[in-house]
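[1] With the sequence up front, the predicted model follows.
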Amino acid sequence: MSKILKYAAAGAAACLPTGAALAAWELNMPVGVTELSRDIHSLHMLIFWVCVIIAVAVFGMMIYSIVKFRHSQGAVPAKFDHSTRAEIIWTIIPVAILVGMAIPAAETLIRIEDTRNSELSIKITGYQWKWQYEYLDQKVSFFSTLARDSDAARQLHSGIDPKSVEHYLLNVDKPLVVPVDTKVRVLLTSGDVIHAWWVPAFGMKKDAIPGFVNEMWFKAEEPGVYRGQCAELCGRDHGFMPIVVEVKSKEDYATWLAAQQGGEAAPAAAQTNESAATAVVAQAE
Amino acid sequence: MSTAHTHEAAGHHGHDHAHDDHGPAKGWRRWLFATNHKDIGTMYLVFSLVMFFIGGTMAMVIRAELFQPGLQLVDPGFFNTMTTMHALVMIFGAVMPAFVGLANWMVPLQIGAPDMALPRMNNFSFWIMPFAFTLLLATLFVPGGGPSGGWTMYPPLVLQNGTSFPMLIFAVHLMGASSIMGAINVVVTIMNMRAPGMSLLKMPLFVWSWLITAYLLVAVMPVLAGAVTMLLTDHYLGTTFFQAAGGGDPVMFQHIFWFFGHPEVYIMILPAFGVVSEIIPTFSRKPLFGYDAMVYATASIAFLSFIVWAHHMFTVGMPLAGQLFFMLATMLIAVPTGVKVFNWTATMFKGSISFEPPMLFALSFLFLFTIGGFSGLMLAIVPADFQYHDTYFVVAHFHYVLVPGAVFGIMAAVYYWLPKWTGHMYNMKLAKWHFWLSTIFVNVLFFPQHFLGLAGMPRRIPDYSTQFADWNLISSIGAFGFGLSQLLLAYLVWSTARGGVKASDKVWDTAAPHGLEWTLSSPPPYHSFEVAPEVK
């Protein structure tokens, strides 16, 4: 099955513009930087090509009938009106195709849900309209909100051309920083309404629900900056709470973490949401 | 629509039965006190058309704001109100009443009955609607603005709305009550008033699909009413059904809502299946292929619609077993849906096809609904759904199913039966213009939204990153074109109701000879079938 997946993915890569760069006129899902996102991309391409093949057959038959059996061309209608054999065939073939699809999908899903053996746990809390990141057991915690230049440009009648702003609406004041090649477990919750944390390059999104904790994991394989957005309607500024994740080499991450732990006393002391919130509000003033 | 034609028909009927001549009342009484299935059907259809334009105007606001990046026209809060109200108005105000209107007009005509079984309840179920929508639309003018938490009304977000919140809940209650009454009426009519000899498996497919739809409505509308009532008590009476702090769970609302919501999707599409199953055989000049299989497929879809609801909420963090179950059940729906598409194709195969406006819309339905089906299959694959969920890919998917699906189904039905209803033929050339403009623009509007979703644009956002600018521009142009094209429909319906070339009883010389609606005059007499026809 994995061979078919690879074949499908290769075929797709040849036919459609893919790749991490988000160019304008983008047509397809970009390939991500985690194993899961690549598997998900392959599944996406597999089901896409399955649909294309069925579409060619079905639409081909429809177009053939429409062109060939035109009343204006003197077509004489046949009299037949049922065929049990045909009904059985076009019930069984789709079932077989679906079983073929369900197996790799279930395989991937089982791996997605396996959050064991994580090396780093980060608690992410959604608020209207920002994210809070807490590195569990590391005494690091901070908020991440829309970058100021984007925020200025996105005001109604701001007069600022969004194209002049770098990473318009997809930039934050302080990104989440994680080490490369590390299985990061994310614990999601919310302080008010439901949000959803989504970085397309990691392949996953999950809801942040007040009063409950959801889990997911990712293991980024390339250092870089990855951007995403809240993906669950959460009120007026739902469109303005982006997510930026900086994946650093393990050494750079260690340096960064040490700086966070030593350099900023306030977040290190902040263990509860309330005190962290005050600390960040104080920082922002 | 037209009053003249039914007066004429009633007069004709008066000659035969002078002793019980009671044609339509004069003036406003005819409409306010209406018990006639055709008058009520007309009111439903006109109401639906008005709502279609109101909901469409909201869509134009949405697409105008999304025309280019940056906020140019509306506040983000008002934008959210527009997306919320657009959905509520289109679903509950445009699509569902249009199908109820079609059922009112066509079920008695197709089963050989004089009227609906429960005419006064019929009147009540219609007249609730204007009140429900006055209440809903009035929320736009209350302090704090209209509802802005999405038509799905997820807590806790929906509870943040002010005065509009209880108005929204009561409007939904009213719409639900109206739908339930309409559905009961359809079930009772079909079960009790069929002409002698019309066994269940001889019923036209439009009647079949409505019978199944009516059962879905009766089953799920109370569930919606329950869910929104729990929201109301959470907000005002201190219950905590959906608040973790009191032992509740916000996700429970989503489960209850989508237990209503998924069958609701089929409530909006099954009658369109029925319409298309009437039209394709007529203009292929060949009987419907696999009638029995079509009935069983519709029933299977209806059954499956009750066990797939959680595919709308794969990202809430369900157990693995739950995700697998809902994925497999959802994929299974592709099988009976496929059977229907294959049967329609087989009906055209070796037929003798002509392309009158109803057939054009039915063909457009066939192609574009199938595209919506494909993206639905993609969305069923849970891992892939983790990427698609809540992006424009989903927006593209359900608009393909609902606009060229349900709405084109309604338009096909209107073009098919309008001459029967009014007694006049419409302007074919203009109708074909309407068709081509609608079909081209609907694709310009919705197809690029697949690309936007795959590239990572979330839904329900008033502004977007510049990389999404190009396709949004194209999509908005499609939206304006599609919106303007619908003025043609309104003009055509209005002008046909007022007059035109006389339509024959059969209207389409290819219409199925056993279709009972074609045995009546165009327009049909006021009490349709006074004497039940014999069905062999």
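    Received the coordinates, thanks. Everything numeric in this text was worked out from a predicted model, so none of it was measured. Numbering: from 1, shown residues only, chains lettered A, B, ... in the order given.
[2] Identify the residue spatially nearest to A:Leu27, adjacent ones excluded.
    In space, and not counting its chain neighbours, A:Leu27 is closest to B:Phe451: 5.0 Å by C-beta to C-beta, 6 or more residues apart in numbering or on different chains. Bear in mind the C-beta positions are built from the backbone N, C-alpha and C, glycine included.
[3] next helix or strand past the helix or strand hosting the one you found?
    Applying DSSP states H and E as the criterion places B:Phe451 in helix B:428-455. Sequence-wise, the next helix or strand downstream of helix B:428-455 (DSSP H and E) is helix B:469-498.
[4] quick one: that next one near chain A?
    Yes. With C-beta under 8 Å from any C-beta of the partner chain as the criterion, chain A is reached by helix B:469-498 at B:Ala469, B:Asp470, B:Trp471.
[5] and what of stretch B:515-532?
    No. Contact of stretch B:515-532 with chain A is not found when judged by C-beta under 8 Å from any C-beta; the minimum separation is 15.1 Å.
[6] Quick check: end-to-end length of that stretch?
    Stretch B:515-532 stretches 14 Å from its first residue to its last (C-alpha to C-alpha, to the nearest Å).
[7] What's the separation between the residue of chain A found nearest chain B and A:Ile194?
    When scored by C-beta to the nearest C-beta, chain A has A:Gly211 as its residue closest to chain B, at 2.1 Å. Shown here: A:Gly211 relative to A:Ile194, a distance of 10 Å by C-beta to C-beta, to the nearest Å.
[8] Now the most centrally placed residue in chain A: closest residue in space that isn't a chain neighbour?
    The structure's chain A has its C-alpha centroid closest to A:Pro200; by C-alpha atoms, centre = their mean the separation is 3.1 Å. Nearest in space to A:Pro200, with sequence neighbours left out and distances taken as C-beta to C-beta, 6+ apart, is B:Gly456 at 4.4 Å.
[9] Please apply the same query to A:Gln155.
    Counting by C-beta to C-beta, 6+ apart, the nearest residue to A:Gln155 once its immediate chain neighbours are dropped is B:Leu71, at 6.9 Å.
[10] Per-residue pLDDT of the one you found, please?
    What the model reports as pLDDT for B:Leu71 is 93.
[11] count of neighbours near it?
    By other C-beta atoms under 10 Å in any protein chain shown, the residues close to B:Leu71 number 19.
[12] Check the one 3 residues further on too.
    Applying other C-beta under 10 Å, we find 17 other residues in the vicinity of B:Val74.
[13] likewise the one 10 residues further on?
    Number of residues near B:Thr84 (other C-beta under 10 Å) recorded here: 26.
[14] For chain A, see how far away it is.
    For B:Thr84, the distance to chain A equals 9 Å [C-beta to the nearest C-beta, to the nearest Å].
[15] Quick one: residues contacting that residue.
    Taking C-beta atoms under 8 Å, 6 or more residues apart in numbering or on different chains, we find B:Thr84 in contact with B:Gly146, B:Pro147, B:Ser148, B:Gly149, B:Gly150, B:Trp151.
[16] pretty sure the residue nearest to A:Gln155 is in a helix, no?
    No. Counting by DSSP: H, G, I helix; E, B strand; the rest coil, B:Leu71 is not part of a helix but coil.
[17] That one and B:Tyr464 touch, don't they?
    No. Applying C-beta atoms under 8 Å as the test, B:Leu71 and B:Tyr464 come out as separate, 10.7 Å apart.
[18] Name the nearest residue to residue 168, ignoring sequence neighbours.
    Just going to use chain A. In space, and not counting its chain neighbours, A:Tyr168 is closest to A:Pro162: 4.5 Å by C-beta to C-beta, 6+ apart.
[19] Chain B was what I was after
    The shortest distance from B:Leu168 to any non-neighbouring residue, by C-beta to C-beta, 6+ apart, is to B:Pro147 (4.5 Å).
[20] What residues does the one you found make contact with?
    With C-beta under 8 Å, 6+ apart as the criterion, the residues that contact B:Pro147 are B:Thr81, B:Thr84, B:Met85, B:Leu88, B:Thr139, B:Met153, B:Val158, B:Asn161, B:Ser164, B:Phe165, B:Leu168.
[21] that's a helix at it, yeah?
    No. When three-state DSSP is applied, B:Pro147 is found to be coil, with no helix at that position.
[22] Share the number of residues neighbouring whatever residue of the stretch 151-300 of chain B ends up closest to chain A, please.
    Using C-beta to the nearest C-beta, the point where the stretch 151-300 of chain B gets nearest to chain A is B:Ala244, with a distance of 2.1 Å. Using other C-beta under 10 Å, B:Ala244 has 17 neighbouring residues.
[23] Surely it is in contact with A:Gly211?
    Yes. The pair B:Ala244 / A:Gly211 is scored as a contact, 2.1 Å apart, by C-beta under 8 Å.
[24] Between the two, which contacts overlap?
    Residues within reach of B:Ala244 and of A:Gly211 at once, by C-beta under 8 Å, 6+ apart, are B:Pro250.
[25] Quick one: residues contacting residue 209.
    Here I'm looking at chain A. Going by C-beta under 8 Å, 6+ apart, the list of residues near A:Ile209 reads A:Leu188, A:Thr189, A:Ser190, A:Ile194, B:Pro250, B:Val251, B:Val316, B:Gly317.
[26] sorry, should have said chain B
    For B:Ser209, the residues meeting the contact criterion (C-beta under 8 Å, 6+ apart) are B:Leu270, B:Pro271, B:Phe273, B:Gly274, B:Ser277, B:Thr298.
[27] Could you rerun that using 6 Å?
    Residues counted as contacts of B:Ser209 (C-beta atoms under 6 Å, 6 or more residues apart in numbering or on different chains) are B:Leu270, B:Pro271, B:Phe273, B:Gly274, B:Thr298.
[28] give me the element the second one is part of.
    What it means is B:Pro271. Taking DSSP H and E as the definition, one finds B:Pro271 inside helix B:250-284.
[29] Quick check: buried residues in that helix?
    Along helix B:250-284, the positions that meet the burial threshold by neighbour count (16 or more other C-beta atoms under 10 Å in any protein chain shown) are B:250-251, B:253-284.
[30] and it, what does it pack onto?
    If contacts are counted by 3 or more C-beta pairs under 6 Å, 6 or more residues apart in numbering or on different chains; DSSP states H and E, helix B:250-284 sits against helix B:205-236, helix B:320-348, helix B:357-380, helix B:408-422.
[31] Tell me the helix or strand right after that helix.
    Scanning onward from helix B:250-284 (DSSP H and E), the first element met is helix B:291-304.
[32] okay, the angle between that next one and helix B:205-236?
    10 degrees (axes from the mean of the first three to the mean of the last three C-alpha atoms, to 10 degrees).
[33] just for chain A, where's the confidence low?
    Residues of chain A meeting the criterion pLDDT under 70: A:1-23, A:263-285.
[34] OK, contacts around B:Met116?
    B:His37, B:Asn122, B:Asn185, B:Thr189.
[35] got JSON lines for the residues you listed, with secondary structure too?
    Compiled in JSON lines, those are given as follows (three-state DSSP):
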{"residue": "B:His37", "secondary structure": "helix"}
{"residue": "B:Asn122", "secondary structure": "helix"}
{"residue": "B:Asn185", "secondary structure": "helix"}
{"residue": "B:Thr189", "secondary structure": "helix"}
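[36] would you turn these into JSON lines with distance to chain A, pLDDT and neighbour count?
    Formatted as JSON lines, the entries for these read as follows, by distance: C-beta to the nearest C-beta, whole Å; pLDDT from 0 to 100; neighbours: other C-beta atoms under 10 Å in any protein chain shown:
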{"residue": "B:His37", "distance to chain A": "30", "pLDDT": "95", "neighbour count": "26"}
{"residue": "B:Asn122", "distance to chain A": "35", "pLDDT": "96", "neighbour count": "27"}
{"residue": "B:Asn185", "distance to chain A": "32", "pLDDT": "97", "neighbour count": "25"}
{"residue": "B:Thr189", "distance to chain A": "27", "pLDDT": "97", "neighbour count": "26"}
